[in-house]
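Enquirer: heads up, no residue letters with this:
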């Protein structure tokens, strides 16, 4: 819970007005618990209200399954790493 709360506070503090697309890199993430999922949804909602959106990429197989089961993929668009590189140059 502590890490999730810190992530939320840092995430919103870093968001600059005028930035509308935010990409979260999950290539190094191995585990997300329910508090982490809740924080991701809260970040998505808060940013949507600011006119921005979150997209995620680099989910491993197990996290992709968790995100699918939790119903997150319609809310948090997901891209493969190769797709991110070609569709959004400069993100990675």
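Expert: Good, I have the coordinates. On a predicted model such as this, the values are computed, not experimentally measured, just so you know.

Enquirer: just checking, what packs against the longest helix anywhere in the chain?
Expert: Longest helix of the chain, by residue count under DSSP state H: helix 34-49. Judged by 3 or more C-beta pairs under 8 Å, 6 or more residues apart in numbering; DSSP states H and E, the packing partners of helix 34-49 are helix 2-14, strand 53-57. Using the backbone N, CA and C atoms, a C-beta is placed for each residue, glycine as well.

Enquirer: what lies in contact with it?
Expert: Applying C-beta atoms under 8 Å, 6 or more residues apart in numbering, the external contacts of helix 34-49 come out as 1, 3-5, 7-8, 11-12, 15, 22, 24, 32, 53-54, 66, 70, 72, 75-76.

Enquirer: how far out from the middle of the chain is the lowest-mean-pLDDT helix or strand in the chain?
Expert: For the chain, the helix or strand with the lowest mean confidence is helix 2-14, at a mean of 84 (criterion: mean pLDDT, DSSP states H and E). Centroid displacement of helix 2-14 relative to its chain, using C-alpha atoms, centre = their mean, to the nearest Å, is 12 Å.

Enquirer: and the angle for that helix with helix 34-49?
Expert: Using axes from the mean of the first three to the mean of the last three C-alpha atoms, to 10 degrees, the interaxial angle of helix 2-14 with respect to helix 34-49 works out to 10 degrees.
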